[in-house]
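J.: Sequence and predicted model, in that order:
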Amino acid sequence: MASHAALYALSVLLFSAGAGVSGFVKIACNDRTVGQVGQPSLLNCVVKPTQGTTDIDIVNVKWKRSGDAESLLNCHQDEGCTGTWPGYRFADFSSEWDSKNTNISLLITNTQVKDETKYTCYVYTDSGDDEVDVDLQVTAKYSLPNVSLVPEEKNPNSKEALLCTASGGYPKGTIRWFGENNETISAETEVKTMDNGLFELSSKLVLLNGSTFSNYTCVVFNSSGGKENEGKIQTSKFLGFEGTPSPVVKTPNVVAGVLVIGSLIVGLLLLLLIRRRRAQPPHHREGPAGGSEADPLDSTA
């Protein structure tokens, strides 16, 4: 019985010691961080003592990215920092190791799409160790939409279409079309991935004959459904009221001007002709005696 009691007591002590090694420290982090492309991103983590512990010495801190075998950062009290990747560093660590610095936050100096993943932080102290996962979500705002009139060759009921494009955004967004009174017009959004991982959005709105508004608005929405930017176009500058290209015709003012100029030219020509005829002397036909030859119509029988 005494031996069983001794074994039980030893087991309790070992269990308590094991629990104390992993339970006297805790890493407190934000579960999810949102970073913007081209800007610094901070994965904020702090080591906190638990169960009444007030003073801890940090021996080793490591940051790893999901799927990577090597650590982004690996700093040891005796060995210093190894395996550091360019663009990743501790937010509050100087060039020298400080075992009392409990701020072990990871700073990504220039956030890119490739940085969107899960990160794991490991900490080892003289009072225990802990690890925690942090998710980084990357965003990028789309450019101002460019709206242009393009030929339409696939639809037999139309000759023109509106093309709206916006690029440099992340994650995938959508484009929606609106008419004059904010009527929603259905059109698909095409998404292309750029070399840097960002997206380019495009949407073509076919202008059917007889059903064309004079104004259209192209609106870009992000992945959360929030409105980012919009572009407008006045089709009345390019199309007629029936949705077909406006014929090249002269305006009434131009037509009136042409008529006036034409009338003046005709009048001047007539005036010159009349003056020329008046300037010519009359022609008289003379008889054999030098006198005027009598007009046959004036002779009497």
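T.: Nice, I can see it.
J.: Tell me the spacing between the residue lying closest to L207 once chain neighbours are set aside and V219.
T.: Closest residue to L207 apart from its sequence neighbours, by C-beta to C-beta, 6 or more residues apart in numbering: E160 at 4.9 Å. (Each C-beta comes from the backbone N, C-alpha and C, glycine too.) Counting by C-beta to C-beta, to the nearest Å, the separation of E160 from V219 is 21 Å.
J.: can you list the domains in this structure?
T.: Following automatic domain parsing, one gets these domains for the chain: 25-139, 146-237.
J.: Tell me the span between the first and last residue of the longest one.
T.: Put plainly, it is domain 25-139. 33 Å (C-alpha to C-alpha, to the nearest Å).
J.: do stretch 203-218 as well
T.: First residue to last in stretch 203-218 (C-alpha to C-alpha) measures 9 Å.
J.: Show me which residues of it are buried.
T.: Residues of stretch 203-218 classed as buried by neighbour count (16 or more other C-beta atoms under 10 Å): S203, K204, L205, L207, T212, F213, Y216, T217, C218.
J.: Just give me the closest of these to G38.
T.: C218 (24.7 Å; C-beta to C-beta).
J.: Show me the beta-bridge partners of that closest one.
T.: For C218, the beta-bridge partners are W177, G231 (DSSP bridges).
J.: Would you confirm that it contacts K227?
T.: No: C218 lies out of contact with K227 (C-beta atoms under 8 Å); the separation is 11.6 Å.
J.: Quick check: L273 is in a strand.
T.: No: under the criterion used here (DSSP: H, G, I helix; E, B strand; the rest coil), L273 is helix, not part of a strand.
J.: pLDDT score for it?
T.: You'll see L273 listed with a pLDDT of 74.
J.: Can you give me the neighbour number for it?
T.: Neighbourhood size, L273 [other C-beta atoms under 10 Å]: 10.
J.: want to try a markdown table for the domains of the chain, with distance to S263 and mean pLDDT as columns?
T.: Output for the domains of the chain, formatted as a markdown table (distance: least, C-beta to C-beta, whole Å; pLDDT from 0 to 100):
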| stretch | distance to S263 | mean pLDDT |
| --- | --- | --- |
| domain 25-139 | 68 | 90 |
| domain 146-237 | 33 | 90 |
